[in-house]
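**Q** Structure for the following, please:
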Amino acid sequence: MPVHVVPDVTPYKKRKVRILNGAHTGFVLGGYLAGYNIVRDCMNDDAIRTYMNKMLYDEVIPTLPLDKQDLKDFAAAVQDRFNNPFVNHELLSISLNSTSKWKARNMPSFIEYINNEKKLPVCLTMSLAFYIAFYSSNIQELNDKGLLCKRPNGDVYTISDDRWALEFFNSHKADSADKLVNAVLSNTQMWDQDLTKISGFEDAVLKDLKLIREQGALAAFKACI
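**A** As a prediction, the model looks like this:
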């Protein structure tokens with residue numbers, strides 16, 4: 001990537017957080033539920049790779065205040081980085097603290113897209129459904145190490161996050177899908193606002209969560225593209 005000498009790095013920091021970090025948070029939780037363990041394997045799946053690129057090019061890049069070709073070049077470089085054959089970047093390690101990560105990396109793009117386009121971004125909406133699905137997948141127990149869940153193939157995995165977030169999901173493990181979605185979106189400790197106030201968002205996330213649970217995460221990725 002070229003080196004830029006600029007008086008203000010803020011737009012470039014935002015570019016990195018929204019595109020590179022936002023891409024990670026946008027697909028890794030769904031990718032793990034789909035049966036993958038490392039980033040590169042997700043990039044070798046046509047549905048996940050296409051979903052990621054649609055999220056970046058159609059929903060994230062339009063919200064950023066930099067030259068659009070520069071942003072597209074950066075996004076292309078991100079895909080190359082994720083596909084590095086020498087790096088086995090584990091999805092579970094990226095999943096650490098996903099509550100605050102979605103809020104910092106994905107929610108700003110989500111809000112700005114709605115403000116600009118007056119409609120919900122399909123992939124960013126699905127990314128929150130992936131978050132809810134990952135944090136509520138057949139919860140086993142909450143212990144000192146974290147929240148133990150089970151993905152569809154039977155693997156037990158441990159979610160690491162702020163204790164209050166883990167306790168929240170553990171306390172809602174018996175909820176129906178609609179009650180869980182409402183509880184998550186209306187949790188102002190998570191998002192600093194009540195996301196159920198966004199028109200159509202609660203219904204869209206509920207629909208996406210049901211798709212993930214009933215047909216699998218891979219079907220959910222495909223539904224977005």
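
**Q** Just the helices from the chain, written as ranges.
**A** 10-15, 22-33, 39-43, 46-54, 68-82, 91-94, 98-101, 107-117, 122-135, 163-171, 177-185, 188-191, 201-215, 217-223 (DSSP state H).

**Q** The ones you listed: which one's closest to Tyr157?
**A** Closest to Tyr157 of the helices of the chain, according to C-beta to C-beta: helix 91-94, at 6.2 Å. No exception for glycine: its C-beta is placed from N, CA and C like everyone else's.

**Q** Please point out which parts of the closest one sit buried.
**A** Leu91, Ile94 (16 or more other C-beta atoms under 10 Å).

**Q** cool, and stretch 65-84?
**A** Within stretch 65-84, judged by 16+ other C-beta under 10 Å, the buried ones are Asp70, Leu71, Phe74, Ala75, Val78, Phe82.

**Q** Select, from those, the two members most distant in space.
**A** Maximum distance among those (C-beta to C-beta): 19.0 Å, for Asp70 and Phe82.

**Q** which residues touch Val28?
**A** Residues in contact with Val28 (C-beta atoms under 8 Å, 6 or more residues apart in numbering) are Val39, Cys42, Leu91, Ile94, Ser95.

**Q** now, among the residues you listed, which is nearest to Leu218?
**A** Cys42 (10.7 Å).

**Q** Tell me the spacing between the closest residue to that closest one other than its chain neighbours and Leu211.
**A** What sits nearest to Cys42 in space, not counting adjacent residues and going by C-beta to C-beta, 6 or more residues apart in numbering, is Gly31, at 4.2 Å. To Leu211, Gly31 is 16 Å away according to C-beta to C-beta, to the nearest Å.

**Q** Neighbour count: the two, which is higher?
**A** Using other C-beta atoms under 10 Å, the more surrounded residue of Gly31 and Leu211 is Gly31, with 29 against 19.
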